[in-house]
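Visitor: build me a model from this:
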Amino acid sequence: MTADKKQKPFIFMAAALAENGGIGHDNGLPWSIPGDWKFFEETTSKLYNGQFGEPQIPDDTTVWSNVMVMGRHSYESRPMLRVPLFHRYNVIVSRNKDYEIEPSPIAELVPSLDQAFELASSIVKPDGRIFVLGGEQIYRQSILRPECTHVLLTNIYSSKPIPCDTFIPKIDPEIFRRATHEELEAFLQTSVPRGKQTHEHFQYEFVLHVRKE
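Guide: Next comes the predicted model:
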């Protein structure tokens, strides 16, 4: 059994420095913000549109509520360290023909972003979500594709310099509009902290951008 062919939300999801789009340093996250991690876990593993029950666990399921698409470097870097995200199906993209991942009922390796999107679309439930999790090149390619319907960001502000060596592309306001907070909550079907939150020397804010029609 596979999911139907209607358009599913493809969500570009990242936590990034608001000033320059920095997302990583030295193969890991340049911050540790519990509130952002909690938001990520809940958003990418919950059931949407009136579905009830616990998030999925590995079994012989052929359709999933939430599918993650990521590049090899994101899969290998902290905090994942080559461990698939539980309760979600993980699609890892690598053009390296010699690259392998550990066999897993919740992960699959594909050689291109085209195949990743095709696989994700075929196994996500009709009311499910597909999340693009990076890294930099996957983000740059994904945001140009019409399948990318939403950009879900944690904008991060810091009172101290934060070194970054990987970045997300700028969000083009001609293509994506910034949604209201009410639209963000409606899209995620849950309450979301409004405005900037504080953790140590960081402030962070959850923001949604929607592709214009």
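Visitor: send the alpha carbons of stretch 23-31 over as CSV?
Guide: The C-alpha coordinates for stretch 23-31 follow below in CSV (Å, rounded to 0.1, in the frame of the first residue of the first chain):
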residue,chain,number,x,y,z
ILE,A,23,23.0,26.6,10.8
GLY,A,24,26.1,24.6,11.7
HIS,A,25,29.8,24.5,12.7
ASP,A,26,32.3,21.7,12.7
ASN,A,27,29.7,19.1,11.8
GLY,A,28,27.3,20.0,14.5
LEU,A,29,24.9,22.5,15.9
PRO,A,30,26.6,25.7,17.3
TRP,A,31,24.0,25.9,20.1
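Visitor: in that stretch, what's buried?
Guide: 23-24, 29-31 (16 or more other CB atoms under 10 Å). Just so you know, the C-beta spots here come from the backbone N, C-alpha and C atoms, and that holds for glycine as well.
Visitor: name the nearest of the residues you listed relative to His87.
Guide: The closest of the buried residues of stretch 23-31 to His87 turns out to be Leu29 (CB to CB; 20.5 Å).
Visitor: tell me the confidence at the closest residue to that closest one other than its chain neighbours?
Guide: Excluding the flanking residues, the one nearest Leu29 by CB to CB, 6 or more residues apart in numbering is Arg78, at 6.3 Å. The model reports Arg78 with a pLDDT of 82.
Visitor: now for Arg78, how many residues are close by?
Guide: When counting by other CB atoms under 10 Å, one arrives at 11 neighbours for Arg78.
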